[in-house]
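Asker: sequence and predicted structure below; questions after.
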Amino acid sequence: MSVALICLLFVAGFLSGAVNAIAGGGTFLTFGALTLAGLPPISANATSSVTQFPGYITSTLAYRREFAGLWKSALALGIVSAIGAFGGALFLISLSNPSFRAMVPWLLLAATAVFAAGPKLRPKTAGESHPASPLGLVLQAATSFYGGFFGAGMGIMMLASLGLASGGDYHRLNALKNFLSIVIAAVAIAVFVGAGALSWLHAAIMIPAVALGGYAGVAMAKKVPQPVMRWLVVAAGVGLAIYYFVTG
């Protein structure tokens, strides 16, 4: 691996962590960098999931107070999320790289649209929390399937589905979302490891960079307006989609 490629992966990981801390959407950067580094699309997608995993853990720990008392809802939603993620990850590895490659630009466009609409998808009112509804569980299963399969924009989708599933204020929903992201990513990673779809060398370069970027992003969040970062991520998503359409 060349020095230039190592620098590309490290910078992309750092920016991904920073973007996640400010506005979300860091998966666009890690997936894009890994594909530019020459990894096949399925391996790039699987490895990108690994690079994001530590951030889910630290985000959940940051919400440990809000998470108190949520275990009953979290358990039911976690079981549904694990099942959905398992199905999505299995579906991914059942595809050939050319088949998944053909889907990537459309998935990127859809994920970018969801990410751009993120503020409108977030619950507008606190609402009253309640046990997860059947409709909410179905929506969470669908979101988890997508998370195990591709994952970009999953957080925004999950906030919307959890608002219907269990209600409550934004911080409660975000605490649940972070915990369920751990479940989804852990199940998907286990499937990817079993299938030999990961590139541990690329992941080893990006994981510390993502962690450093996440730490720096907290300070950057106080200086850089979220709308600016959001539209930069949207531009990255559209750019990647165009790249895949053109090179497909």
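Answerer: Perfect, thanks for sending it.
Asker: low-confidence ranges, this protein, go.
Answerer: 21-24, 66-69, 118-132, 165-171, 218-222, 224, 226, 229, 248 (pLDDT under 70).
Asker: buried ones in the longest helix that the chain contains?
Answerer: The longest helix of the chain (DSSP state H) is helix 170-195. Within helix 170-195, the residues scored as buried using 16 or more other CB atoms under 10 Å are 170, 172-189, 191-192, 195. Just so you know, the C-beta spots here come from the backbone N, C-alpha and C atoms, and that holds for glycine as well.
Asker: which neighbouring elements make contact with it?
Answerer: Contact here means 3 or more CB pairs under 8 Å, 6 or more residues apart in numbering; DSSP states H and E; on that basis helix 170-195 packs against helix 41-62, helix 64-67, helix 71-94, helix 134-149, helix 154-165.
Asker: next, the angle from that helix to helix 134-149.
Answerer: When axes from the mean of the first three to the mean of the last three CA atoms, to 10 degrees is applied, the directions of helix 170-195 and helix 134-149 differ by 40 degrees.
Asker: and after helix 170-195, which helix or strand comes next?
Answerer: Scanning forward in sequence from helix 170-195 by DSSP states H and E, the next helix or strand is helix 200-221.
Asker: what would the helices and strands packed on helix 170-195 look like in JSON lines with distance to residue 27 and mean neighbour count?
Answerer: As requested, these are arranged in JSON lines below (distance: least, CB to CB, whole Å; neighbours: other CB atoms under 10 Å):
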{"stretch": "helix 41-62", "distance to residue 27": "6", "mean neighbour count": "21"}
{"stretch": "helix 64-67", "distance to residue 27": "23", "mean neighbour count": "14"}
{"stretch": "helix 71-94", "distance to residue 27": "14", "mean neighbour count": "19"}
{"stretch": "helix 134-149", "distance to residue 27": "10", "mean neighbour count": "22"}
{"stretch": "helix 154-165", "distance to residue 27": "8", "mean neighbour count": "24"}
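Asker: quick one: closest of those to residue 10.
Answerer: helix 41-62 (11.2 Å; CB to CB).
Asker: helix, strand or coil for residue 151?
Answerer: Secondary structure, DSSP: H, G, I helix; E, B strand; the rest coil: residue 151 is coil.
Asker: contacts only, for it.
Answerer: 27, 45, 48, 49, 52, 184, 185, 188 (CB atoms under 8 Å, 6 or more residues apart in numbering).
Asker: contacting residues for the closest residue to the fifth one other than its chain neighbours?
Answerer: Excluding the flanking residues, the one nearest residue 52 by CB to CB, 6 or more residues apart in numbering is residue 27, at 6.1 Å. Contact analysis of residue 27 by CB under 8 Å, 6+ apart lists 16, 48, 52, 151, 152, 153, 154.
Asker: and which of the residues you listed is nearest residue 106?
Answerer: Distance to residue 106 across those (CB to CB) is lowest for residue 152, with 12.0 Å.
Asker: I'd assumed residue 111 was in contact with that closest one.
Answerer: Yes - under the criterion of CB atoms under 8 Å, residue 152 makes contact with residue 111 at 3.9 Å.
Asker: need the residues touching each of the two.
Answerer: Contacts common to residue 152 and residue 111, judged by CB under 8 Å, 6+ apart, are 28, 237.
Asker: thinking again about what came up before, of the contacts of residue 27, closest to residue 79?
Answerer: Nearest to residue 79 among those, with distances taken as CB to CB, is residue 154, at 17.8 Å.
Asker: wait, doesn't that closest one sit right on residue 185?
Answerer: No - shown here, residue 154 and residue 185 do not form a contact pair, counting by CB under 8 Å, at 9.3 Å.
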